[in-house]
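[1] Prediction below, plus the sequence it came from.
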Amino acid sequence: MRINPENHRGLIKSCKMKGKKNMETTKKAVTISILNNKGGVGKTSSCTAIASILGMIGHSCLVIDNDFQANATMTFLSEEDASREV
């Protein structure tokens, strides 16, 4: 799954408007954890979408991919990097 900014344009705009005051005045780190023991519930998709949107509005994000399949990692790699074997 690749994140397409065009799909999230409205959400990005509303986040920019709501978070602008906070972003300028606050520099506190926030931890967001997405977890569920059940597979196939959208943990990776949610994580990569949230990180992408936060990055697009100017926040720094760290995504830690503990899944052995590395799907979150592959989402953020370029096509060239994703095609290489590890």
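    Noted; the coordinates are in hand. Residues are numbered from 1 along each chain as shown.

[2] contacts and neighbour counts: CA atoms only from here.
    OK.

[3] how about the helices in this protein?
    Here the chain has its helices, by DSSP state H, at 9-25, 43-56, 71-76, 79-83.

[4] buried residues in the third one?
    Buried positions in helix 71-76, judged by neighbour count with 16 or more other C-alpha atoms under 10 Å: A72, T73, M74, T75, F76.

[5] Of these, just say which sits nearest to T44.
    When the buried residues of helix 71-76 are ranked by distance to T44 (C-alpha to C-alpha), A72 comes first, at 5.9 Å.

[6] what ranges of this protein fall below the confidence cut-off?
    In the predicted model of the chain, residues 1-27, 79, 82, 85-86 satisfy pLDDT under 70.

[7] again, only this time at 90
    1-30, 35-39, 58-59, 66-86 (pLDDT under 90).

[8] Check the gap between L54 and T48 for me.
    Counting by C-alpha to C-alpha, to the nearest Å, the separation of L54 from T48 is 10 Å.

[9] These two: which has the busier surroundings?
    T48 (20 against 16; other C-alpha atoms under 10 Å).
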